[in-house]
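> turn this into a model:
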Amino acid sequence: MAQEYREKITELVRENMQEVASFLIVIGVVVACLIFMFFLHKNGYLWHSDFYDSLDVNSDGKLSYDEWMKYYSLPRHKHPIENCMRVDFYYADCNQNDELTWKEYHNFRFRNKHCVSSAVPTFQQWLELNPEFPEPTKSSKYALSTSTMARAQSKAYQNYFSILQARENELMKKYGIE
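Numbers count the residues shown, from 1 in each chain. This next block holds a predicted model:
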C-alpha cells in the first residue's frame, strides 16, 4: 500500500514538473521578446514619436526641410534661431541631404548624439575648432579673467549663431520659405 502511494505521488510530481517546466519556458521566451522589443524601441528602431509623425505630412517616413519649417515657420516662431527648437534640424541632419530620417532625429533628440559631419556643428564642436576662443593654459588654469572669458564667450556665441542663421537663410531661400 505504501509503495502504491509513493508511485502515485512520484507520477503526480513528474506530471506537474513537466507543466511547470513548460510554463517557465514560455515565460522565459516572453521576457526575452519584451527585452528585445525594449532594446529596439530604445535605439529608435520601433515606433516614431507622435511629434515626428505629425510633421511628416506626406508620410514618407522622413522629414523634409519644408515639412520641418511648416511647423517652425517664422510667423509663429519669430524668436532668434538660438532660442528656437528649429535649430535641431541643422544639428541632426548628419548626411546634409535636407531631410531627417527617424534615426537621425531620434539619435539627436533622444540619445543626444551629435553628428560629426552636420552642416552646422554644435556649439561645443565649434568651440573646439575655433582658435579665436581663448583656452586656459595648463599651468595657469584660471589665468583669464572672468570678464575676458565672458567677452570671448559672448563673441563666440554671436559668431556661432551667425553661422546657424546663414545656414537657415540658405535653406529657406533654396526651398522658397519666407
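> for this structure, just list every one of the strands.
All strands of the chain, identified by DSSP state E, fall at 62-64, 99-101.
> how far does the first one sit from the chain's center?
Translated: strand 62-64. Counting by C-alpha atoms, centre = their mean, to the nearest Å, strand 62-64 is centred 15 Å from the centre of its parent chain.
> strand partners of that strand, parallel vs antiparallel please.
Sheet pairing of strand 62-64 (DSSP bridges) gives strand 99-101 (antiparallel).
> which stretches in the protein count as helices?
Secondary structure of the chain (DSSP state H): helices at 2-42, 50-55, 65-71, 88-92, 102-109, 123-129, 146-174.
> buried residues in the third one?
When you say that, I think you mean helix 65-71. Within helix 65-71, the residues scored as buried using 16 or more other C-beta atoms under 10 Å are 65, 66, 67, 68, 69. Heads up, the C-betas are built off the backbone N, CA and C, glycines and all.
> how about the last one?
For helix 146-174, the buried set under the neighbour-count rule, 16+ other C-beta under 10 Å, comprises 152, 156, 160, 161, 164, 167, 168, 171.
> hang on, the earlier thing: redo the buried residues of helix 65-71 as a markdown table? Include distance to residue 22.
Shown next, in a markdown table, are those (distance: C-beta to C-beta, whole Å):
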| residue | distance to residue 22 |
| --- | --- |
| 65 | 55 |
| 66 | 55 |
| 67 | 51 |
| 68 | 52 |
| 69 | 57 |
